[in-house]
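# test case, fold it:
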Amino acid sequence: MIEPRWSWLLIPLSVSTLAAAGYAWGHGSVPRQREAVVAVVKSDAQRIAALEREVQSLRASNAQQAARLSREAPAVNAAIAAVPPPAGERGDEHEPLDPTPPEETPEQQERRVQQVRIEHFDALDRRVDTELVDGRWRHETEQPLRQLMTKYLAPEITVSEATCASTLCRVKLSHPAWPHIPATKLFEFNVARASLEVTEIQYDNRADGTTTLYFKRGPAPASIPATPDSG
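Prediction:
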C-alpha cells in the first residue's frame, strides 16, 4: 500500500507519461496522414489524366467523322437529287394526281368493253341459276318462249335451252349457218313476244354460231277488253 505522502508524486508522473505518449503518437501519426493524402492526390491526378486522354480521343474521332461526312456530302446530295419524286408530288408541294387516264388505243378500248360485257353476262348467267324460281311465271313464260322462237326462227335457228327463274329467263340458241343472228330475223319474234310477261332482251353473242338471250321479267301484258255486241 502506498503511503499518502508519496501519492502526490505519482500524479505529476502519470500526467507527464501521458503527455509524452500523446506527443510521441501525434508525431508518429502525422507522416501516415501525410502519406494517405498524397496517395489520394496521386489517384485523383491519375483519374483526371485518364479522363483527359479519353476526351482527346473522342475529339479526334469526331473530327475524323466530320471530315468524312464533309467529303461524302456532295455524292449523297447528288444521289438524293437523282431520285424522282413520287407521282403527284413536285418538290415539297403535294399536288393531286391527274384524274385523266392515259388515252387508250382502239384495240385496248375494244378489249376493255368486251371484258365488261363478258363479266356482265356471266353475272346474269349465275343469277338465273341461283335465284329462287317463281313457278307461276316459269310455267306461263318458259314454254311459250320456246314455242315462239321455234315458230319465227326455225329452221336456221334452234332452241337448245329455255330456263326461267323469277326475274330472268335464259334462252340458248344455235345457228351454225350464221356467226350472229341477223337483226331482221328477230323482228317478227319481237313483235309476237309482246303477249308474254317479259320486257327487254340482252344478247350474249361472244361465240360464233351460238347466242344466249336474257329476258327481263316485266309487267303482265294488258288484256284486250271484249267488244260489246251492238244492236
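
# what sits against Gly198?
For the record, residue 198 is Val, not Gly. Thr141, Leu145, Cys169, Phe215, Lys216, Arg217, Gly218 (CB atoms under 8 Å, 6 or more residues apart in numbering). Every C-beta, even on glycine, is put in place using the N, C-alpha and C of the backbone.

# quick one, which of the residues you listed are buried?
Thr141, Leu145, Cys169, Phe215, Arg217 (16 or more other CB atoms under 10 Å).

# farthest-apart pair in those, please.
Leu145 and Arg217 (11.9 Å; CB to CB).

# can you list residues touching both of those two?
Common neighbours of Leu145 and Arg217 (CB under 8 Å, 6+ apart) are Cys169, Val198.

# identify each buried residue in the helix or strand hosting Glu110, please.
If you go by DSSP states H and E, Glu110 is part of helix 106-130. Neighbour counts over helix 106-130 (16+ other CB under 10 Å) mark Phe121, Leu124, Val128 as buried.

# pLDDT and distance to Ile157 added to those residues, as a markdown table?
Putting the buried residues of helix 106-130 into a markdown table (pLDDT from 0 to 100; distance: CB to CB, whole Å) gives the following:
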| residue | pLDDT | distance to Ile157 |
| --- | --- | --- |
| Phe121 | 94 | 19 |
| Leu124 | 95 | 21 |
| Val128 | 95 | 20 |
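
# among those, which one lies nearest to Gln108?
Phe121 (20.8 Å).

# show me what contacts that closest one?
Gln202, Asp204, Arg206, Thr212, Tyr214.

# where's it relative to Gln115, distance?
Note on Phe121: its distance to Gln115, by CB to CB, to the nearest Å, is 11 Å.

# that concludes my questions; thank you for your assistance.
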